[in-house]
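# Here is my input, please return the structure:
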Amino acid sequence: MKKSPIPPIIKRNTIRLVVSQAIYSCVNQAAFVLATLVVFTLTQSAALGGLATGAIWGGRVLVVYQTGKLMDRMGRRSVLLIGIATGCIALTIMGWAVVMTRLELFWLGLLVFGFGSGIIQQSRIAVMDMYPVERRGEGMGYLMTANIVGSFLSPVFTEAMIPVADFLAVDVYAVILLVGTMLLGSASIFILRLKPDTKEIAMNLSSYYPDSVANASAENVGTENVSPLRSILFFPLLAAFIASALAWGDRA
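You can find the predicted model right below:
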């Protein structure tokens, strides 16, 4: 069956989410690498250095569930902006902690960055809002591609900061983190332009994909009598969550 074209408004919103995700991924990759390096530099402990990324993951775990509930209440755009703001605050804390060589302040920054990271990762929900069930993999594919592109750009970004740090005579780690604050903040420009909010699109998906929704309704005819046990055992979403948890260690 031929796919219906993606509506222009969906294309624009997808591009905005993809660009913001690439920016976040670039900064996130740098922050993860620097977390270990900074903690090791300040403590000379490989064990504590290894725990640095654990602090970020801990922050993500603490915030993810409540973030989903907040998105349902406030909409996707507002919550994603909160995530970017939280990430910027965290990077600022981390950058100044390096300047002042304050280890406890850096740990706080790592935890707060985990909060922001967990919120920003919910952009996956925003993307899936805009696509019918049979095309959500396509939408997620765009977002995951942005993640990879951002990860490849991260070393370029950090390398570009070395001469800046030399010129300013400031610790290169601090420069990367503080400039990363501005870079991550620029992602908010694209989130602000998400119009309409993807939650509103999800609530009126049939008006954007009338053919897809009609076909999905036809395919669901006669499935009401499927046993609850079979629904649980073979439910694709459950399988996706399990696969994600095993591969990535999170369900954000």
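
# After the longest helix seen in the chain, which helix or strand is next?
For the chain, the helix with the greatest residue count under DSSP state H is helix 8-43. Tracing the chain C-terminally past helix 8-43 and defining elements by DSSP states H and E, one meets helix 46-74 next.

# if I pick residue 109, what's in contact with it?
For residue 109, the contact set (CB atoms under 8 Å, 6 or more residues apart in numbering) comprises 90-94, 97. (C-beta placed from N, C-alpha, C; glycine too.)

# if we go to 6 Å?
Residues in contact with residue 109 (CB atoms under 6 Å, 6 or more residues apart in numbering) are 90, 93-94, 97.

# Which parts of the protein belong to which domain?
For the chain, the structural domains run 8-220, 222-252, going by automatic domain parsing.

# In TSV: these, plus mean pLDDT.
Formatted as TSV, the domains of the chain follow (pLDDT from 0 to 100):
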stretch	mean pLDDT
domain 8-220	90
domain 222-252	49
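
# picking that back up, now, among the contacts of residue 109, which is nearest to residue 136?
Residue 136 has its nearest neighbour among the contacts of residue 109 in residue 90, at 30.2 Å by CB to CB.

# And the closest one, how far from residue 144?
Look at residue 90 and residue 144: by CB to CB, to the nearest Å, they are 24 Å apart.

# out of these two, which sits in the busier spot?
Per other CB atoms under 10 Å, whichever of residue 90 and residue 144 has more neighbours is residue 90, with 26 against 16.

# Show me what the strand or helix carrying that one is packed up against.
Using DSSP H and E, residue 90 maps to helix 76-100. Secondary-structure packing of helix 76-100 (3 or more CB pairs under 6 Å, 6 or more residues apart in numbering; DSSP states H and E): helix 103-120, helix 172-192.

# which stretch among these comes nearest residue 35?
Among these, helix 103-120 comes nearest to residue 35, with 5.8 Å by CB to CB.

# most neighbours per residue, which of the domains of the chain?
Ranked by average neighbour count under the criterion mean count of other CB atoms under 10 Å, the domains of the chain are headed by domain 8-220 at a mean of 18.

# ok now it, how far from the chain's centre?
How far domain 8-220 lies from its chain's middle: 4 Å, per CA atoms, centre = their mean, to the nearest Å.

# Tabulate the helices and strands packed on helix 76-100 in TSV, adding columns for distance to residue 13.
Shown next, in TSV, are the helices and strands packed on helix 76-100 (distance: least, CB to CB, whole Å):
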stretch	distance to residue 13
helix 103-120	16
helix 172-192	10
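
# which one of these lies closest to residue 205?
Closest to residue 205 of the helices and strands packed on helix 76-100 is helix 172-192 (CB to CB; 20.8 Å).

# which secondary structure elements does that closest one contact?
By 3+ CB pairs under 6 Å, 6+ apart, helix 172-192 packs against helix 8-43, helix 76-100, helix 136-168.

# Thanks again, I'm all set now.
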